[in-house]
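Engineer: Need a 3D model of the sequence below.
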Amino acid sequence: MRSITICFLLLFTSISLALGQNRENARILIQQGDFRMRAADLQGAEQAYTNAINADAGFADAYMKRASLFQIMGRYNESLQDYNRAIAINPYSEYIYDNRAKLKLLALDYKGALNDINKAISLDSENDQFIEHRVDDFIALGQYEEALQDIDTLINRAFNLENGYEKKALPQFLAGELELSLQSIDALLELNPYSAIAYDLKGLVHLKQKKYNDAVKAFTRAIELNPAFALAYYNRALAYRYLNKLDAAKKDLKTAIEVSQDDSKIHFLQGLIKKEEGDFKGALKEYDQAIEIDSSYTDALYNRAFILKF
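Structural biologist: As a prediction, the model looks like this:
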């Protein structure tokens, strides 16, 4: 009986040592993958993380690493599969749920993202970053009241105040609470008077208020603070169009494309301006470019069809 016990202990020890060695090998392979990532060798990183998984299929971190890589590469389905495996191994990791929520947000699965971030918060209710991430989900879902409640919680905790007021201004703007949005923007500018985003948001509020000259001033200040701010050029072009300053609008749209490469909404606005100038051939070309970038761009499809009728 004693010899059987000794044999069992020896076997158990051997298995434990083997498992420990597998885990150590997987850690080394993950480090190699991290090195490849820093060197921008994504294929090499993928191979290293895959080797880590093969070395220790029960190591959640290895799946997490490869899931994050797949997410960067835009391979969302594969990334989701790896996050699912990681959660199956470690269902009590709030960080896995948080990372999977970010992936689902990118994949436009807003409800799935909200479910995951709520799970992460249930596991660590004091983690302010998780609450901040939930704000993004609420805004994406149009649940502005819930977003504002979370933002106020973070502001009361003095967590990342600049970002908090920036986030607060957006759902207030989207909910049509323009004066409250301006108050949040002013609070942001008190913290950081050089915030290009704050001035861009202020310009959007003025656009909504039909104060187009004020909007131009705000967007201009945003561009002065960040000359590579493509969205501010686009927004100022909108304001110029409303002021019937079409040459200035076209100049801003040209700059926006130079800064951001291609963007469907920029081409669409260029198409609108060319149509208003009577350049239907030029407008059709812009709508075609907008549709080429985003084949589901309904307004571009409608306007293109309208021109083709004539």
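
Engineer: and the nearest residue to residue 105 once chain neighbours are set aside, what helix or strand is that in?
Structural biologist: Computed as CB to CB, 6 or more residues apart in numbering, the closest residue to residue 105 that is not its neighbour in sequence is residue 113, at 4.3 Å. In short, each C-beta sits where N, CA and C put it, glycine included. Secondary structure from DSSP states H and E places residue 113 in helix 110-123.

Engineer: picking that back up, give me the neighbour count for the residue nearest to residue 105.
Structural biologist: 24 (other CB atoms under 10 Å).

Engineer: mind listing what it touches?
Structural biologist: 101, 102, 103, 104, 105, 137, 140 (CB atoms under 8 Å, 6 or more residues apart in numbering).

Engineer: what about residue 193, which SS state?
Structural biologist: Applying DSSP: H, G, I helix; E, B strand; the rest coil to residue 193 yields a three-state assignment of coil.

Engineer: wait, residue 198 sits on residue 166?
Structural biologist: Yes - between residue 198 and residue 166 there is a contact under CB atoms under 8 Å: 6.9 Å.

Engineer: what sits in contact with each of the two?
Structural biologist: What both residue 198 and residue 166 touch, as defined by CB under 8 Å, 6+ apart, is the set residue 188.

Engineer: Got phi/psi on the residue most central in space within the chain?
Structural biologist: Centrality entry for the chain: nearest residue to the mean C-alpha point is residue 106, 6.2 Å, by CA atoms, centre = their mean. For residue 106, the backbone dihedrals (degrees, to the nearest 10) come out as phi -60, psi -40.

Engineer: now it: how far from residue 33?
Structural biologist: For residue 106, the distance to residue 33 equals 21 Å [CB to CB, to the nearest Å].

Engineer: and what of residue 41?
Structural biologist: Counting by CB to CB, the gap from residue 41 to residue 33 is 9 Å.

Engineer: the more surrounded of the two?
Structural biologist: A count of neighbours by other CB under 10 Å puts residue 33 above the other of residue 41 and residue 33, at 25 against 14.

Engineer: isn't the more buried one right up against residue 61?
Structural biologist: No - at 10.8 Å, residue 33 does not count as touching residue 61 under the criterion of CB under 8 Å.

Engineer: In contact with the closest residue to residue 207 other than its chain neighbours, which residues?
Structural biologist: The shortest distance from residue 207 to any non-neighbouring residue, by CB to CB, 6+ apart, is to residue 215 (4.7 Å). By CB under 8 Å, 6+ apart, the contact list for residue 215 reads 203, 204, 206, 207, 235, 236, 239.

Engineer: okay, and for the stretch 1-150 of the chain, where does confidence drop off?
Structural biologist: For the stretch 1-150 of the chain, applying pLDDT under 70 flags the ranges 1-20.

Engineer: hey, where'd the helices end up in it?
Structural biologist: 2-38, 42-55, 60-72, 76-89, 94-106, 110-123, 128-140, 144-156 (DSSP state H, counting those that start in this stretch).

Engineer: Turn those into a markdown table, including distance to residue 267.
Structural biologist: As requested, the helices of the stretch 1-150 of the chain are exported to a markdown table (distance: least, CB to CB, whole Å):
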| stretch | distance to residue 267 |
| --- | --- |
| helix 2-38 | 34 |
| helix 42-55 | 30 |
| helix 60-72 | 27 |
| helix 76-89 | 26 |
| helix 94-106 | 24 |
| helix 110-123 | 27 |
| helix 128-140 | 25 |
| helix 144-156 | 30 |
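
Engineer: Please name whichever of these is nearest to residue 184.
Structural biologist: Closest to residue 184 of those is helix 144-156 (CB to CB; 9.0 Å).

Engineer: quick one: contacts of the closest one?
Structural biologist: Counting by CB under 8 Å, 6+ apart, 128, 131-132, 134-135, 138-139, 160-161, 164-165, 167-168, 171-172, 174-175 sit against helix 144-156.
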